[in-house]
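**Student:** can you look at this prediction? I've put the sequence above it.
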2 protein chains.
Amino acid sequence: MSYNSPMKEVRKLSDEARAAFQAAFGDRFITTQAVREHHGSDESPYPACPPEAVIFPHNADEVVTVVNLCNQYDVPLIPFGIGSSIEGHVLAIEGGISLDFTEMNKVLDVSPGDFTVTVEPGVIRTRLNEEIRHTGLFFPIDPGAHASIGGMTATRASGTNAVRYGTMRENVVSLKVVTADGKIIRTGSHARKSSAGYDLTRLFVGSEGTLGVIVEITLRVYPIPEAISAAICNFETLESAVECVNQIMQTGIEIGRVEFIDEQGVKAANQYSKLSLKESPMLLFEFTGSASSVKEQIEIVQEIAKDNGGMDFEWAEHQEDRNRLWTARHNLYFACLQLRPGARSITTDVCVPISRLAECVTETAKDLENKPFPWSILGHVGDGNFHVLMMIDPEDPQEWAMAEEINNRVVQRAIDMNGTCTGEHGIGIHKMNFLKKEHGEDAIHLMRLLKHAYDPKNILNPGKMISWEA
Amino acid sequence: MSYNSPMKEVRKLSDEARAAFQAAFGDRFITTQAVREHHGSDESPYPACPPEAVIFPHNADEVVTVVNLCNQYDVPLIPFGIGSSIEGHVLAIEGGISLDFTEMNKVLDVSPGDFTVTVEPGVIRTRLNEEIRHTGLFFPIDPGAHASIGGMTATRASGTNAVRYGTMRENVVSLKVVTADGKIIRTGSHARKSSAGYDLTRLFVGSEGTLGVIVEITLRVYPIPEAISAAICNFETLESAVECVNQIMQTGIEIGRVEFIDEQGVKAANQYSKLSLKESPMLLFEFTGSASSVKEQIEIVQEIAKDNGGMDFEWAEHQEDRNRLWTARHNLYFACLQLRPGARSITTDVCVPISRLAECVTETAKDLENKPFPWSILGHVGDGNFHVLMMIDPEDPQEWAMAEEINNRVVQRAIDMNGTCTGEHGIGIHKMNFLKKEHGEDAIHLMRLLKHAYDPKNILNPGKMISWEA
């Protein structure tokens, strides 16, 4: 194994603590190795760091019980959605208990009149959309993975629809949270806007389980657009495709989605999803709105694409064609992994001001030239957000090191362009140093003050995002 | 005077402290009574609470100097924009220094390619729009008053355009802030989205000067819409007008603005702005977008208005007609004051989930029936946000008490409907009890932890929003 384990000193569960958890949860205090190992890994490159036990709570009161016991016995507590995070968020690097929300998976309320739904953290985003489809509404945030709403809230997730609907930051209305001292609080009302006090909602969104345990989420939902149309457009070069997006954004039209996939990505999608897309840099568009506004958007975008050397649009008018395309986009991570059987992907994620995007992507492609492993650049370019996937041999330390060095270069470049070290994947353990580079010591100090104030015993996902000591 | 002064025990400036400020700022450490009194009042009903001195800083480094001296000598520090707040935000209730940002009024950067501008806190929103008009962009947030961007950020302001563009919460990209220990931090990058760490930007937006001093603000700006059209529509009853807005929102169309003005408000506007509007409950619409989407919006909205008993639309196609209408809307506060010369307005501000709005407004009107003073209900109803203006005789304690009782009822009703005690005016000192009612003791405890962590000596706008002790 070439990646050093991030495991730190484990705060061992004492016999007394074990007995207390067992008394409270009986059989549901699970310590079998398979379950523990499953909860010690995510999609990051690190080796597993299993928790000492796993609990599947049924309701907020049970979460309070867990938090109180963790407090009493100094036990780390790690909220767990489905384990699709990428930067090591759920690894039990100091041992402790993984709190799996699979069984808190109810849609508690649907209020079409207010465009809100309230769910438990274990609800999977795709199931939420199935459950509310009959109302004509949908929840747009779509990070690709079949992620849980709790996990998406905790990482401030976004994805393909963010260019039109924003991210979890804009779409969480309010939260119910269990604090480190075992209180249940609500972070806000259901009003669309408020000037009442510090914005606790936004404080917990993106806090990666380090400030409190999210037990209920109220979300904004939106009418399913009247008209949806999707198209792909190929380009000769990566630069011209990205420049095309920049120019589209400059017009201010509200495009539904615009995704960039490079040549290698298209190749991978063709193989994995059995498509026959032209293998050159590609933009994948979705236009949504009323029939006439969709028509209008398409006319403008086609013209801009043409000006940038875009080839003819290929249309996916029917829902099944659109689904095939978007499913291929969603599966791109797995498709890329198949480019090299047995490989592991090092995935990075940055976001820069849109005017710097073409330059940032082009420079990144240069970093990747002639590397001994397959790679792909793709992303939600309408937001200035892109990912690099590097499919490395997990047994080859040189490839690990090379991929990490490229990751460093890409992230540093984004920061230098006044961008961020992560647009949507979060910090976890992998990007803690970059967080410091991006924000500077004094801002990190403010974050640490917050962590110390809200979690004075450092039991909530300790060692993640921000180090306890300066 | 019927309103008790909110003045608390003043932390007197010692001679040593005075000497230190004078050494640092010379003549610019201002202690003349007129200047102090001006800085001790806002648009709230309270009597003035003048600071002991006023400083007009020229740059962030001077703000650091002030903060460091305040720290050293235990002096309260109150950031001051233009004093248009309504809930007592800027009153120097513990004495100290008012920091007036009038002279930090530069637009520092305009980046049309990234849809961002960066400004000093003293920039007035209308001047910002004048300065960037040549770029084809505009900053939409419009709270009515000629407010400063710093003040709007600190109170999480919104206003007529929020239904389309969101509030300061959604439109502040990042901040430069001087912390209580005199460090300058930046709260985020200029990327459109980020998952990098706690959301410090949203934490300072709406913090009312209690967590740090904002010295620079980066904002999102938007393309000026291609087509803009405004219309008014009268209704027989307040309820049908508000229900019309509810139904419009249900369609999901993105209306530019939709404002409600009740009969009394229209009357006041006619008198003050020399208009001849029909004096019945009225909706004031603005439709924006491409020419065809504006046409489409208008068709839908006209039909819904008709279904709800709306009368014929009256159009304001030309910019000067639109300006006249919107200027009348902006001046409504002053127009209402003129309904009763010598009166003072008690203004309340709540926001409820849109499905409860018609009920909330109707019940509020019942509270106001047969009161001995003029009143008006108006608001940004597309967001569920409305205001009540009560023009009371400042010398009559019974009227004060009556107005405060109605304020209590309106706010409590909004909270009971899962709404908020303030949609856009903030807490200041006037709504501190409501903040507690809305959030509950345990959430208030989290806010207090934050205040204690970020301002351990309680020098930053002390006594506002959240009490120091439980």
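**Tutor:** Great, that's in hand. Just so we're clear, the structure is a prediction, and the values are computed from it rather than from any experiment. Residues are numbered from 1 along each chain as shown, chains lettered A, B, ... in the order given.
**Student:** C-alpha from now on. contacts and neighbour counts both.
**Tutor:** Noted.
**Student:** for the helix or strand A:R202 falls within, C-alpha coordinates in PDB please.
**Tutor:** Taking DSSP states H and E as the definition, one finds A:R202 inside helix A:200-204. Only the C-alpha atoms of helix A:200-204 are listed here, as PDB (Å, rounded to 0.1, in the frame of the first residue of the first chain):
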ATOM      1  CA  LEU A 200     -26.900  28.600  11.600                       C
ATOM      2  CA  THR A 201     -28.300  26.800   8.600                       C
ATOM      3  CA  ARG A 202     -25.400  27.800   6.400                       C
ATOM      4  CA  LEU A 203     -23.000  27.100   9.200                       C
ATOM      5  CA  PHE A 204     -24.000  23.400   9.400                       C
END
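**Student:** quick one: distance of it to the chain centre.
**Tutor:** When C-alpha coordinates are averaged (Cα atoms, centre = their mean, to the nearest Å), helix A:200-204 and its chain have centres 17 Å apart.
**Student:** what's the following helix or strand after it?
**Tutor:** Counting by DSSP H and E, the element after helix A:200-204 in chain order, helix or strand, is strand A:213-220.
**Student:** look up how far B:R127 lies from the residue in the stretch 301-450 of chain A positioned nearest to chain B.
**Tutor:** Going by Cα to the nearest Cα, chain B is nearest to A:G423 of the stretch 301-450 of chain A, at 4.1 Å. Going from A:G423 to B:R127 by Cα to Cα, to the nearest Å gives 33 Å.
**Student:** these two: which has the busier surroundings?
**Tutor:** A direct count of neighbours by other Cα atoms under 10 Å in any protein chain shown for A:G423 and B:R127 places A:G423 higher, at 29 against 14.
**Student:** my guess is the more buried one contacts A:V350. True?
**Tutor:** Yes: A:G423 lies in contact with A:V350 (Cα atoms under 8 Å); the separation is 5.2 Å.
**Student:** got a list of contacts for stretch A:141-149?
**Tutor:** Contacts with stretch A:141-149, where a contact means Cα atoms under 8 Å, 6 or more residues apart in numbering or on different chains, come from A:81-82, A:84, A:119-126, A:157-162, A:165-168, A:217, A:330-331.
**Student:** and it, what's buried?
**Tutor:** Within stretch A:141-149, the residues scored as buried using 16 or more other Cα atoms under 10 Å in any protein chain shown are A:I141, A:D142, A:P143, A:G144, A:A145, A:A147, A:S148, A:I149.
**Student:** what's the farthest-apart pair in the residues you listed?
**Tutor:** Spanning the widest gap among the buried residues of stretch A:141-149 are A:G144 and A:I149, at 12.6 Å by Cα to Cα.
**Student:** A helix includes A:K176, no?
**Tutor:** No: using DSSP: H, G, I helix; E, B strand; the rest coil, the assignment for A:K176 is strand, not a helix.
**Student:** that older thread, now the common contact residues for A:G423 and A:V350.
**Tutor:** A:N385.
**Student:** quick revisit: same list (the buried residues of stretch A:141-149) but as a markdown table, adding secondary structure and pLDDT.
**Tutor:** Shown next, in a markdown table, are the buried residues of stretch A:141-149 (DSSP: H, G, I helix; E, B strand; the rest coil; pLDDT from 0 to 100):
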| residue | secondary structure | pLDDT |
| --- | --- | --- |
| A:I141 | coil | 97 |
| A:D142 | coil | 94 |
| A:P143 | coil | 92 |
| A:G144 | coil | 83 |
| A:A145 | coil | 81 |
| A:A147 | coil | 96 |
| A:S148 | strand | 98 |
| A:I149 | helix | 98 |
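**Student:** possible to save those residues as a markdown table with distance to B:N458?
**Tutor:** Formatted as a markdown table, the buried residues of stretch A:141-149 follow (distance: Cα to Cα, whole Å):
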| residue | distance to B:N458 |
| --- | --- |
| A:I141 | 40 |
| A:D142 | 42 |
| A:P143 | 42 |
| A:G144 | 45 |
| A:A145 | 45 |
| A:A147 | 42 |
| A:S148 | 40 |
| A:I149 | 38 |
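**Student:** quick one, domains of chain A?
**Tutor:** Chain A resolves into domains spanning A:15-101, A:103-223, A:227-333, A:340-416 when parsed by automatic domain parsing.
**Student:** deepest of the ones you listed, which one?
**Tutor:** The highest mean neighbour count among the domains of chain A, using mean count of other Cα atoms under 10 Å in any protein chain shown, belongs to domain A:103-223: a mean of 23.
**Student:** measure how far that domain is from the centre of its chain, please.
**Tutor:** With Cα atoms, centre = their mean as the basis, domain A:103-223 stands 14 Å off its chain's centre.
**Student:** average pLDDT across the helix or strand containing A:E405?
**Tutor:** Secondary structure assigned from DSSP H and E places A:E405 in helix A:397-416. Mean pLDDT, computed over helix A:397-416, is 96.
**Student:** show me what that helix is packed against.
**Tutor:** Using 3 or more Cα pairs under 8 Å, 6 or more residues apart in numbering or on different chains; DSSP states H and E as the contact criterion, the elements in contact with helix A:397-416 are strand A:344-351, helix A:357-368, strand A:385-392, helix A:432-439.
**Student:** ok so, going back, of the contacts of stretch A:141-149, list those near chain B.
**Tutor:** When contact is defined as Cα under 8 Å from any Cα of the partner chain, the contacts of stretch A:141-149 meet chain B at A:A157, A:T167.
**Student:** which ones among the contacts of stretch A:141-149 are found in strands?
**Tutor:** A:V119, A:I217 (DSSP state E).
**Student:** now, the contacts of stretch A:141-149 that are in helices?
**Tutor:** Those of the contacts of stretch A:141-149 mapping onto helices are A:R125, A:T126, A:A162, A:Y165, A:M168, A:H330, per DSSP state H.
**Student:** just to be sure, A:W468 is in a strand?
**Tutor:** No: according to three-state DSSP, A:W468 belongs to no strand; its state is coil.
**Student:** that one reaches A:M447, doesn't it?
**Tutor:** No: in this structure A:W468 lies outside contact range of A:M447 using Cα under 8 Å: 10.2 Å.
**Student:** more neighbours, the two?
**Tutor:** When neighbours are counted by other Cα under 10 Å, A:M447 comes out ahead of the other of A:W468 and A:M447, with 20 against 13.
**Student:** what's the helix or strand for that one?
**Tutor:** Taking DSSP H and E as the criterion, the element that holds A:M447 is helix A:441-454.
**Student:** and the contacts of that helix?
**Tutor:** Contact with helix A:441-454 is made by A:179-180, A:210-212, A:435-436, A:458, A:466-468, A:470, B:183-187, B:197-198, B:200, B:446, B:449-450, B:453-454, as judged by Cα under 8 Å, 6+ apart.
**Student:** quick one: average pLDDT of it?
**Tutor:** 98.
**Student:** buried ones in that helix?
**Tutor:** A:A443, A:I444, A:H445, A:L446, A:M447, A:R448, A:L449, A:L450, A:K451, A:H452, A:A453, A:Y454.
**Student:** what is the nearest of those to A:R344?
**Tutor:** Minimum distance to A:R344 across those is 31.6 Å, recorded for A:I444 (Cα to Cα).
**Student:** what's the pLDDT at the one residue in the stretch 101-250 of chain A that gets nearest to chain B?
**Tutor:** Using Cα to the nearest Cα, A:S194 is the residue of the stretch 101-250 of chain A that sits closest to chain B, at 4.1 Å. Reported pLDDT at A:S194 in the predicted model: 98.
**Student:** for chain A, give me the ranges with low pLDDT.
**Tutor:** Along chain A, the parts satisfying pLDDT under 70 run over A:1-2.
**Student:** before we move on, the earlier item: starting at the chain centroid, how far to the helix holding A:E405?
**Tutor:** Centroid separation for helix A:397-416 versus its chain: 20 Å, with Cα atoms, centre = their mean.
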